[in-house]
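Peer 1: whatever this is, show me its structure:
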Amino acid sequence: MIKVQSIAPEFCLPNQDDIEICLRDLKGKWIVLYFYPKDNTPGCTTEACDFSNAAPDFSALNAIVLGVSADSTKKHRNFIEKKDLMITLLSDEDTSMLQKYGVWQLKKNYGKEYMGILRTTLIIDPDGVIRAIWEKVKVKDHAKEVKEKLEKLQEAD
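Peer 2: Okay, the predicted model is just below:
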């Protein structure tokens, strides 16, 4: 299981444009990595739009925002175009990265059990160290909370 101060597990996943994005290529940048269940659903849309609206603020903090779900790159492209998003979405259709990060878990809804993505956000520092984790994220004001935490972490460094 991942925890604060551990090294973020390596990943390489295609983004919405089918371009491979790897953790190793992002060294030197702060990363806001958020895991969400599904494109074009109410909570996930709110979260993506909030992170997208805050993208210039994150960029000013030398941070990139990456959203990850098991949706296809095509679904990500449609979601980005439909909602005019300014963030990068990564596709993990085989759930290997989701499993590595411990966010692919048994969920229950209306008495049914199924495997799904636990809404989680991490801040990874320029050296690849996990500096903050939010589990079972509540979407409202989450992007703002993550930005404030990132600012505090950067002040402390």
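
Peer 1: just the helices in this protein please.
Peer 2: 42-53, 55-60, 73-83, 96-100, 142-156 (DSSP state H).

Peer 1: those helices: which one's closest to residue 6?
Peer 2: helix 96-100 (11.9 Å; C-beta to C-beta). Yep, even glycine has a C-beta here, placed from its N, CA and C like the rest.

Peer 1: per-residue pLDDT of residue 109, please?
Peer 2: Listed pLDDT for residue 109 reads 86.

Peer 1: now do it against residue 122, distance only.
Peer 2: From residue 109 across to residue 122, the span is 24 Å (C-beta to C-beta, to the nearest Å).

Peer 1: can you pull up the bridge partners for the spatially most central residue of the chain?
Peer 2: With distances taken as C-alpha atoms, centre = their mean, the residue of the chain nearest its centroid is residue 34 (1.7 Å). Taking DSSP bridges as the rule, residue 34 bridges to residue 67, residue 121.

Peer 1: now do the same contact list for it.
Peer 2: If a contact means C-beta atoms under 8 Å, 6 or more residues apart in numbering, then residue 34 has 47, 51, 65-68, 119-122, 137, 146 as its contacts.

Peer 1: surely residue 114 and residue 107 touch.
Peer 2: Yes - taking contacts as C-beta atoms under 8 Å, residue 114 lies within contact range of residue 107: 5.9 Å.

Peer 1: of these two, which one has the most company?
Peer 2: residue 107 (13 against 8; other C-beta atoms under 10 Å).

Peer 1: show me what the helix-or-strand element of the chain with minimal mean pLDDT is packed against.
Peer 2: Counting by mean pLDDT, DSSP states H and E, the weakest-scoring helix or strand in the chain turns out to be strand 104-109, with a mean of 92. With contacts taken as 3 or more C-beta pairs under 8 Å, 6 or more residues apart in numbering; DSSP states H and E, strand 104-109 sits against strand 112-117.
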